[in-house]
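Visitor: just a sequence and a predicted model for now, questions to come.
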Amino acid sequence: MANSIVISIIVAIFFGGVCYAVSGQWILGTTIFLCQLLFGIFVLVPMVRRAENKNRLAQEAHGFIRSFIITLSASHSFDDAIEHATDLLSGEERQMFAETSSYSVDERLDYLGRFFPGDIYHVFSSVVHLYEEQGGEILDVAGPLLRESTRQEEERMQHRRNQKRAILEFTTLWMMSGLVMIILRFGMSSFFDLLQGNLAYLAMCATYGVLAMASLFLFVRGITGEKAFVKGEKAHGKMQKEEA
C-alpha cells in the first residue's frame, strides 16, 4: 500500500513536471500534479490493492492446500496438518482463523474457504471430507487436486511475470513521450516563446495530462481486472467478520 502511494506521487510529479516544462505555466503544472495525485491515490491505488490481495490469497490457498495434504499424508493427523498449513497464512485471515481453534476440522476448513477466491479451495474441502468418510491414502485421493492447484499456481506466476513486463513497457513509453516533449520544448525555445500563453497550446498541454490519467486507468484496469469503484467496498477482514 505504501509503495503504491509513493509510486503515485512519483507519477504525479513526472506528469505535472512535464506539463509545467512544456507550458511554462506553474498553475497548469500544479493542477495536473494534484489531479494525477488524487486520481492515483483514490482510484488507482485501491484497484491495485484489491488485485494484490486477491493474488496473495490465491498464493496462500495453493500453499495451504499443498502443505495440508503433504503433512496429513506424513502424520495422519488433522491437527498437525492444520497447524503446519496455517503457518503459510498472513494478514487478518490468519488471526481470525486462529480464533476458530475450538471448532471441528471440517468447520475450520469451511470457515477458511470464506477468504480464498476461486473454486480450488472448495474442491480441496470436499476432498478432505471424502477422505474422512472413506479413508485411504490422501495423496491418492488428492493427487488430481494437487496437480490442478500446481497448474493454477504456475499460471498465476506466469501472469505476474507478464504484468511486470507490461508495466516496464508502459512506463518506458510514457517516459520517452515526456522526455521528447521536454527536449522539443528546450530545443525549439524560440518557437516556444511564440506559443507561450496561447490558449490552444495550453489546452493541448492540459490534454496531455488528461490523456496520461486515462491511459493509466485503462492500463491498471487491464492488468488487474479490477473496477474503479466497488460498491460497499470494505476491508477484507471486516467483511469476513460481518459475514460471520
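Guide: Cool, got the structure. Residues are numbered from 1 along each chain as shown.

Visitor: wait, doesn't residue 73 sit right on residue 136?
Guide: No: using Cβ atoms under 8 Å, residue 73 makes no contact with residue 136, being 11.0 Å away. For every residue, glycine as well, the C-beta is placed using N, CA and C.

Visitor: show me which of these two is the more surrounded one.
Guide: Set residue 73 next to residue 136 and count neighbours by other Cβ atoms under 10 Å: residue 73 wins out with 15 against 9.

Visitor: where does the protein have low pLDDT?
Guide: 1-2, 230-244 (pLDDT under 70).

Visitor: where do the helices sit along it?
Guide: Secondary structure of the chain (DSSP state H): helices located at 2-23, 26-39, 45-75, 78-86, 92-98, 105-112, 120-134, 138-141, 143-187, 189-195, 199-224, 236-243.

Visitor: by contact count, what packs against the third one?
Guide: Put plainly, it is helix 45-75. helix 2-23, helix 78-86, helix 120-134, helix 138-141, helix 143-187, helix 199-224 (3 or more Cβ pairs under 8 Å, 6 or more residues apart in numbering; DSSP states H and E).

Visitor: only the buried residues of it, if you could.
Guide: Using 16 or more other Cβ atoms under 10 Å as the test for burial, helix 45-75 gives 45-48, 50-51, 54-55, 57-72.

Visitor: equivalent analysis for the fifth one, please.
Guide: Within helix 92-98, the residues that qualify as buried by neighbour count (16+ other Cβ under 10 Å) are 92-93, 96-97.

Visitor: and residue 152, how far from residue 73?
Guide: To residue 73, residue 152 is 21 Å away according to Cβ to Cβ, to the nearest Å.

Visitor: same question, residue 205
Guide: According to Cβ to Cβ, residue 205 stands 65 Å off from residue 73.

Visitor: again with residue 63
Guide: 16 Å.

Visitor: check residue 227 too.
Guide: 41 Å.

Visitor: cool, residue 95 as well?
Guide: Look at residue 95 and residue 73: by Cβ to Cβ, they are 28 Å apart.

Visitor: how far away is residue 49 from residue 189?
Guide: For residue 49, the distance to residue 189 equals 43 Å [Cβ to Cβ].

Visitor: swap in residue 204?
Guide: As judged by Cβ to Cβ, residue 204 and residue 189 stand 18 Å apart.

Visitor: so between those two, which is more surrounded?
Guide: More neighbours surround residue 204 than the other of residue 204 and residue 189, with 13 against 10 (other Cβ under 10 Å).

Visitor: buried residues in stretch 172-181?
Guide: Neighbour-count burial for stretch 172-181, with 16+ other Cβ under 10 Å as criterion, is recorded at 174, 178.

Visitor: next one: it to chain centre, how far?
Guide: Its chain's C-alpha centre and that of stretch 172-181 lie 26 Å apart, by Cα atoms, centre = their mean, to the nearest Å.

Visitor: now that stretch - C-alpha only, PDB.
Guide: The C-alpha trace of stretch 172-181 is given here as PDB (Å, rounded to 0.1, in the frame of the first residue of the first chain):
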ATOM      1  CA  THR A 172       9.200   3.300 -20.800                       C
ATOM      2  CA  LEU A 173       6.800   4.500 -23.400                       C
ATOM      3  CA  TRP A 174       5.400   7.300 -21.300                       C
ATOM      4  CA  MET A 175       8.800   8.400 -20.000                       C
ATOM      5  CA  MET A 176      10.000   8.600 -23.600                       C
ATOM      6  CA  SER A 177       7.000  10.700 -24.600                       C
ATOM      7  CA  GLY A 178       7.600  13.100 -21.700                       C
ATOM      8  CA  LEU A 179      11.300  13.400 -22.400                       C
ATOM      9  CA  VAL A 180      10.700  14.000 -26.100                       C
ATOM     10  CA  MET A 181       8.300  16.800 -25.300                       C
END
